[in-house]
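>>> Can you look at this prediction? I've put the sequence above it.
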Amino acid sequence: MNKKILLVGGCGFIGHNLALHLKKKGFSVSITDSLSVNNVLSFTDSDIKNKKLYTSILNNRIELLNKNEINLIVQDARDYHAISKVYGDIDPDIIIHLAAVSHANKSNKDPHSTFDHSFRTLENTLDFAKNKKVHVIYLSSSMVYGNFDSKDVNEETLCKPIGIYGTLKYSGELLVKAYNQVFDLPYTIIRPSALYGERCVSRRVGQIFIENAIQGLDISINGDGEEKLDFTYIEDLIEGIGLCCEKEKAKNQTFNLTYGDSRKISELTEILKKEFPDIKIYYKKREEFMPERGTLDVSKAKKLLGYKPINPIETGYVKYISWYKKFWNNLK
């Protein structure tokens, strides 16, 4: 547990929650982040919807990091020389690479920025890590699978990504594996799915539902609500990533880290209705380039890591709603 861990892009939704978790576990944790991608520096426009809410959530992230004495270095990971110095100064045993444009729609609308923040930053991480054989943990996505051809997929399922986001994530996986082949670089690839939880500002489906309900706004669903997603509470994901930092068996492996049981989007809204009985739900045409998904098989992570997700939506989403209501009331 005395390992030094550096989270690249660590002020994001996954990153700051993970940093807090790893610190409690006893690891020496540092974060580097430019704060410019879906973070405080990108929420300065006065026309941004719910700007006060998002700014407060983002500031709360940094407050929690400071309170827990987690080292935060503000640095753009695209700058090869500057970020290499950060890596050298910290001399980490593990680099968890989270830097990315973490939204499929934004990626399709602005592929250059997505490549720049997702792929170029990864190249810089790998170039440093190859010399000292630093263990690189790469956050990929369930989007690499594309359309699920069966009700569930495992890590051996053929990847057929659709659109810019999934394709870049899969390209990142291939690049990580190439560095392992050429430089014997130890790696772990993680594929999450449909994340939700405290202090998210990425406008994921679970967040948007609560945000609209709490303001008395209508809820819009892409499709008919029957689509299934493997909704995963943030606490389960970060527990799994923590195990990847601890377990030697995690090296040179790819893991699905989700709850492991897909649920209909309509089931999520039914939970929401119990807290907000007056909400109105509308359905619209499904977005292009969003693959048909389902359950990610997590048996490999359970077997090799001892991974035990414990939050179905009946538990995790209720926790998230409770947190959101409390945060909203304090903000008002």
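Nice, I can see it. Because the structure is a prediction, the values reported are computed rather than measured.
>>> In this structure, where's the longest helix?
Taking DSSP state H as the criterion, the chain has its longest helix at helix 163-183.
>>> any idea how far Glu292 is from Lys228?
According to Cβ to Cβ, to the nearest Å, Glu292 stands 9 Å off from Lys228. Glycine gets a C-beta too; all of them are placed from N, C-alpha and C.
>>> Please say which of these two ends up with more neighbours.
Using other Cβ atoms under 10 Å, the more surrounded residue of Glu292 and Lys228 is Lys228, with 19 against 13.
>>> Output the below-cut-off pLDDT ranges for the stretch 51-200 of the chain.
By pLDDT under 70, the weakly predicted segments of the stretch 51-200 of the chain are 101-112.
>>> returning to what we had before: right, and the helix or strand after the longest helix of the chain?
strand 187-191 (DSSP states H and E).
>>> helices or strands up against the helix or strand just after that next one?
Sequence-wise, the next helix or strand downstream of strand 187-191 (DSSP H and E) is strand 195-196. Other elements packing on strand 195-196 under the criterion 3 or more Cβ pairs under 8 Å, 6 or more residues apart in numbering; DSSP states H and E are helix 205-214, strand 232-233, helix 234-246, helix 313-331.
>>> As TSV, those with mean neighbour count would be great.
Output for those, formatted as TSV (neighbours: other Cβ atoms under 10 Å):
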stretch	mean neighbour count
helix 205-214	21
strand 232-233	27
helix 234-246	22
helix 313-331	16
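>>> wait, which of those is closest to Glu198?
helix 313-331 (4.9 Å; Cβ to Cβ).
>>> average pLDDT for the closest one?
The average pLDDT for helix 313-331 rounds to 95.
>>> That helix versus helix 205-214: what angle between them?
Helix 313-331 and helix 205-214 are oriented at 50 degrees to each other (axes from the mean of the first three to the mean of the last three Cα atoms, to 10 degrees).
>>> Helix 313-331 versus helix 234-246: what angle between them?
Going by the same axes, to 10 degrees, helix 313-331 makes 110 degrees with helix 234-246.
>>> now helix 313-331: how far from the chain's centre is it?
Chain-centre distance of helix 313-331: 19 Å, with Cα atoms, centre = their mean, to the nearest Å.
>>> that older thread, can you add distance to Leu122 and give the helices and strands packed on strand 195-196 back as CSV?
Supplementary listing: the helices and strands packed on strand 195-196 in CSV, determined by distance: least, Cβ to Cβ, whole Å:
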stretch, distance to Leu122
helix 205-214, 26
strand 232-233, 23
helix 234-246, 17
helix 313-331, 29
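>>> And the ones you listed: which comes nearest Tyr80?
helix 234-246 (25.7 Å).
>>> any residues touching that closest one, and which ones?
In this structure, residues lying in contact with helix 234-246 by Cβ atoms under 8 Å, 6 or more residues apart in numbering are 1, 3, 5, 13-14, 17-18, 21-22, 25, 27, 94, 96, 137, 188, 190, 192, 195-198, 200, 250, 255, 257-259, 301, 305-311, 316.
>>> For the closest residue to Leu305 other than its chain neighbours, give its distance to Asp184.
Excluding its sequence neighbours, the residue lying closest to Leu305 (Cβ to Cβ, 6 or more residues apart in numbering) is Leu243, at 4.2 Å. According to Cβ to Cβ, Leu243 stands 23 Å off from Asp184.
>>> do the same with Ser202
35 Å.
>>> Between these two, which is the more surrounded one?
Between Ser202 and Asp184, Ser202 has the larger neighbour count (other Cβ under 10 Å), namely 15 against 10.
>>> can you give me phi and psi for that one?
Here is the backbone geometry of Ser202 (degrees, to the nearest 10): phi -80, psi 0.
>>> Adjust the sequence numbering to begin at 400 for everything that follows.
Sure, I'll start counting at 400 from here, so that last one is Ser601.
>>> Gly615 versus that one, what's the distance?
Ser601 is 23 Å from Gly615, by Cβ to Cβ.
>>> Which element, helix or strand, includes Ile472?
strand 470-473.
>>> what comes up buried for stretch 671-678?
671, 674-675, 678 (16 or more other Cβ atoms under 10 Å).
>>> In helices only, show me these.
Those of these lying in helices (DSSP H): 671, 674.
>>> May I ask which two of the buried residues of stretch 671-678 are separated the most?
So, the buried residues of stretch 671-678 by Cβ to Cβ: farthest apart are Glu674 and Ile678, at 9.0 Å.
>>> what touches both of the two?
Ala612.
>>> before we move on, back to that, I'd like the distance between the residue nearest to Leu704 and Arg662.
24 Å.
>>> go on, Tyr537?
From Tyr537 to Arg662 the distance is 27 Å (Cβ to Cβ).
>>> Which one's more surrounded, the two?
Tyr537 (24 against 20).
>>> Helix, strand, or coil at the more buried one?
strand (DSSP: H, G, I helix; E, B strand; the rest coil).
>>> hey, what's it bridged with?
His496, Ile588 (DSSP bridges).
>>> Could you double-check that it lies in contact with Thr587?
Yes: the pair Tyr537 / Thr587 is scored as a contact, 7.2 Å apart, by Cβ atoms under 8 Å.
>>> one step back: Glu666: which of the helices and strands packed on strand 594-595 is closest?
That would be helix 712-730 among those, by Cβ to Cβ, at 6.6 Å.
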